[in-house]
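Trainee: mind folding the following:
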Amino acid sequence: MKRVQEFLEKYLLWIIAFIGLITFSIIVVRLKNNTIISFDNYIYNHIKGLISPNMTNIFKIITEFGNIYIMIPIIILILIFSKDKSFKKYFIYNLIFIFILNNVLKIIFTRDRPIDINLIIETGYSFPSGHSMVSFAFYGFLAYFIYHTNLNNYLKLLFIILLGLLVFMIGISRIYLGVHYASDVLGGFAISALYLVIFIKYIYNKNKEERLNLK
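Mentor: Okay, the predicted model is just below:
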């Protein structure tokens, strides 16, 4: 058990990055070959069975947690209460970088949004999903920080599970509301996972190590 824990602590982030890279690459290839639509239809056909006025209202609320005006108050709370000055700075950097990356990728792929059903109105390109990318990076970095705090292990696990569930439901909400294909959401999660590992390993942790060496 100890060896498994040590292995995960050492390689888990790289495993996540590898899975993200492979998943995103497969989606891009299928997107370019126009063979991804069967996957999108399969997922949407299962989700559309949930459509009802009450569910629509619930998913409209959930999807808002992937918007910047929900994230800004969270950032403000972190700026006020967190004692880790480095984390506060890089928490903001992380959000800026993922927004830029998402917009660059949207311009590269220029995929139109679904037109069959739109329970809310969105503009811009569809792939990869901005809500999926940003929420994965934003709440994922928060989960990483929580994991390295002095909180009780059970509380850590609870917060990380809740944040993971929130990110997953934000992705589902984009498909349910008809503003993204399933491949947009999965692709957003995948590339964001790769990005987040690189950000943590080569920007956040590297800066942390440099500061410790200067002390």
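
Trainee: burial measure for the residue lying closest to Trp14 once chain neighbours are set aside, as a count.
Mentor: Once flanking residues are discounted, Trp14 sits nearest to Val197: 6.9 Å by CB to CB, 6 or more residues apart in numbering. Glycine gets a C-beta too; all of them are placed from N, C-alpha and C. Per other CB atoms under 10 Å, the neighbour tally for Val197 reads 21.

Trainee: how much space separates Val197 from Ala137?
Mentor: Here Val197 is placed at a distance of 10 Å from Ala137 (CB to CB, to the nearest Å).

Trainee: do Asn152 as well
Mentor: Note on Asn152: its distance to Ala137, by CB to CB, is 26 Å.

Trainee: more neighbours, those two?
Mentor: Taking other CB under 10 Å, Asn152 and Ala137 do not tie; Ala137 has more neighbours (26 against 9).

Trainee: in what helix or strand does that one lie?
Mentor: Per DSSP states H and E, Ala137 falls inside helix 130-147.

Trainee: buried sites along that helix?
Mentor: 130-146 (16 or more other CB atoms under 10 Å).

Trainee: could you pull out the strands for the chain?
Mentor: Along the chain, no segments are classed as strands by DSSP state E.

Trainee: grab the most central residue of it for me.
Mentor: Residue closest to the mean C-alpha point of the chain, counted by CA atoms, centre = their mean, is Phe136 at 1.4 Å.

Trainee: so who does the closest residue to that one other than its chain neighbours touch?
Mentor: Of all residues not flanking Phe136 in the chain, Ser192 sits nearest, at 3.8 Å (CB to CB, 6+ apart). Residues in contact with Ser192, defined by CB atoms under 8 Å, 6 or more residues apart in numbering, are Gly20, Ile98, Ser132, Met133, Val134, Phe136, Ala137, Gly140.

Trainee: from Pro53, how far off is the fourth one?
Mentor: Spatial separation of Met133 from Pro53 under the definition CB to CB is 29 Å.

Trainee: surely the residue nearest to the centre of the chain and Ala193 touch.
Mentor: Yes - between Phe136 and Ala193 there is a contact at 6.5 Å, judged by CB atoms under 8 Å.

Trainee: quick one: contacts of stretch 73-81?
Mentor: Phe87, Lys88, Phe91, Ile92, Leu95, Leu142.
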